[in-house]
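Visitor: 3D, please:
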Amino acid sequence: MTAAVPAERLDSLDVFRGVTVAAMILVSTPGTWEAVYVPLDHAAWNGWTPTDLVFPFFLFAMGMAVPFALARRRLAARGVRVHLIRRALVLFGLGLLLNAIKAPPPLAWSTFRIPGVLQRIALVYVAVALLTEYTSPRTQIVAAVIALAGYWAALTLVPVPGVGAGVLTPDGSLASYVDRRLLPGHLAFGVWDPEGLLSTVPSIATALAGVFAGAWLLRSPGPDSSLTLWAAGAAAAIAGLAWGRFFPINKNLWTSSFALFTAGMAAQFLAVCHWLVDVRRRRGWVVPFVALGRNALAAYVLSIGLDSLLTRWTIDSGGPSLKWMLYHASFATWLQGCCRPESASLAYAIAYVALWAVVLTVMYRRHIFISV
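Guide: Next up, the predicted model:
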């Protein structure tokens, strides 16, 4: 089992998670999807953009938080197992709710999307929590290696009926084949889903990397730890890029090279946060991000849920959505005259993030924390 976690948590862990949540909101709620700067959109297939780092960073941050959550639950009467099951079910249910809000009417079960961001988080959370609660750190490292190596072997060596082995296209990969067999009709893009079942396996390694990084900083929170963590992250990122020459970096398939590369990048960013916040004590800017980090689930669900409702809500039947009206009146009418349409879309997203930063900061100052 893992060692007991200190009661006092490092502020940099919350700052890291808060920055990640802010980035998730930013890239998920542009003013219009018809005008988005390339760095703020996902790579079409192979390769990566800064936006492709956001979800892995969030899983990395979740991994950092798991030991704290389990340490608190060990003192509860119902214990850890009940908490794990309940939390996973609630997360999965919230993900389905967001899918239902986003789905165009009428809602039909035959085509209803089952996978999603929160659904993947729920599955990864259970796996990582069980590993950190009932196995040693050495076993957890072995599990991460097996997840990455096993997924690489499966996608490159196992033949897909009618396609063959090693085909990494949207409809030809083993991951999409498994999803079609297990969830026919319930995928985001018909024949594949970016949060599918098989591709969840390497994402467990992403979250375990967060467990390792958080434990390292808690054991020795001095400046040398920041440098060591940054160097380890750089090594992992370089290794991921090198692996990507043979097993392409691909967020949609969550390839092992992608998992290793993004875990390395996350470790480097966490090291910078730790050096600034906990070592150099530069904290004048951290409050909104700490507030977002301490209420990460609420920030994500409420912001994405409201954006989806605004997108679907129309004043007149067949007319523009309420979001389009707000975006057009507040940003598009005056920014598009002097700047590119992408600037107006980005300005709306920044304002939306700022709005939720204010809301979450008020909640934080009033000690309102929503958790499941």
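Visitor: got any ranges where the stretch 201-350 of the chain has weak pLDDT?
Guide: Low-confidence segments of the stretch 201-350 of the chain (pLDDT under 70): 221, 318, 336-338.
Visitor: change it to 80
Guide: 218-223, 314-319, 332-339 (pLDDT under 80).
Visitor: ramachandran coordinates for residue 83?
Guide: Recorded main-chain torsions at residue 83 are phi -60, psi -40, according to degrees, to the nearest 10.
Visitor: run the chain-centre distance for stretch 260-269.
Guide: Distance of stretch 260-269 from its chain centroid, counting by CA atoms, centre = their mean, to the nearest Å, is 13 Å.
Visitor: dump it to PDB, keeping only the CA atoms.
Guide: Output in PDB follows, covering the C-alpha atoms of stretch 260-269 (Å, rounded to 0.1, in the frame of the first residue of the first chain):
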ATOM      1  CA  LEU A 260       4.400   9.400 -22.300                       C
ATOM      2  CA  PHE A 261       4.900  12.700 -24.000                       C
ATOM      3  CA  THR A 262       2.000  14.500 -22.300                       C
ATOM      4  CA  ALA A 263       2.900  13.100 -18.900                       C
ATOM      5  CA  GLY A 264       6.400  14.500 -19.400                       C
ATOM      6  CA  MET A 265       5.000  17.900 -20.300                       C
ATOM      7  CA  ALA A 266       2.700  17.800 -17.300                       C
ATOM      8  CA  ALA A 267       5.600  17.000 -15.000                       C
ATOM      9  CA  GLN A 268       7.600  19.900 -16.400                       C
ATOM     10  CA  PHE A 269       4.700  22.300 -15.900                       C
END
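Visitor: so what touches it?
Guide: By CB atoms under 8 Å, 6 or more residues apart in numbering, the surrounding residues in contact with stretch 260-269 are 16, 19, 48, 52-53, 56-57, 60-61, 148, 205-206, 209-210, 213, 229-230, 232-241, 243-244, 249. Every residue, glycine included, has its C-beta placed from N, CA and C.
Visitor: got the buried residues for it?
Guide: Within stretch 260-269, the residues that qualify as buried by neighbour count (16 or more other CB atoms under 10 Å) are 260, 261, 262, 263, 264, 265, 266, 267, 268, 269.
Visitor: repeat for stretch 180-191
Guide: Going by neighbour count (16+ other CB under 10 Å), the buried part of stretch 180-191 is 180, 186, 187, 188.
Visitor: so what would you say the end-to-end distance of it is?
Guide: Taking CA to CA, to the nearest Å, the span from the opening residue of stretch 180-191 to its closing residue is 6 Å.
Visitor: got the contact list for it?
Guide: Residues from elsewhere that reach stretch 180-191, judged by CB under 8 Å, 6+ apart: 110-115, 170-171, 176, 179, 192-197.
Visitor: average model confidence for that stretch?
Guide: Stretch 180-191 carries an average pLDDT of 93.
Visitor: what's the offset of that stretch from the middle of its chain?
Guide: 21 Å.
Visitor: and what of stretch 122-133?
Guide: Relative to its parent chain, stretch 122-133 has a centroid offset of 15 Å by CA atoms, centre = their mean.
Visitor: in it, what counts as buried?
Guide: 122, 123, 124, 125, 126, 127, 128, 129, 131, 132, 133.
Visitor: just the residues you listed: which has the poorest pLDDT?
Guide: residue 133 (84).
Visitor: I'd guessed that one sits against residue 125; true?
Guide: No. Using CB atoms under 8 Å as the test, residue 133 is too far from residue 125 to be in contact (11.7 Å).
Visitor: which helix or strand contains the nearest residue to residue 51 once chain neighbours are set aside?
Guide: Using CB to CB, 6 or more residues apart in numbering and skipping the chain neighbours, the partner closest in space to residue 51 is residue 27 (4.6 Å). Here residue 27 sits within helix 11-28, counting by DSSP states H and E.
Visitor: could you do residue 258 as well?
Guide: When elements are defined using DSSP H and E, residue 258 is found to belong to helix 256-274.
Visitor: and the following helix or strand past that helix, what's buried?
Guide: Downstream of helix 256-274, the next assigned helix or strand under DSSP H and E is helix 287-294. For helix 287-294, the buried set under the neighbour-count rule, 16+ other CB under 10 Å, comprises 288, 289, 290, 291, 292, 293, 294.
Visitor: do stretch 45-57 as well
Guide: For stretch 45-57, the neighbour count (16+ other CB under 10 Å) marks 48, 49, 51, 52, 53, 54, 55, 56, 57 as buried.
Visitor: farthest pair within these?
Guide: Using CB to CB, the two most remote members of the buried residues of stretch 45-57 are 49 and 57, lying 13.4 Å apart.
Visitor: got the angle for whichever helix or strand comes after the helix holding residue 27 vs helix 287-294?
Guide: Using DSSP H and E, the helix or strand that follows helix 11-28 in sequence is helix 54-73. In this structure, helix 54-73 runs at an angle of 70 degrees to helix 287-294, with axes from the mean of the first three to the mean of the last three CA atoms, to 10 degrees as the basis.
Visitor: pLDDT of helix 54-73, averaged?
Guide: Average pLDDT, helix 54-73: 83.
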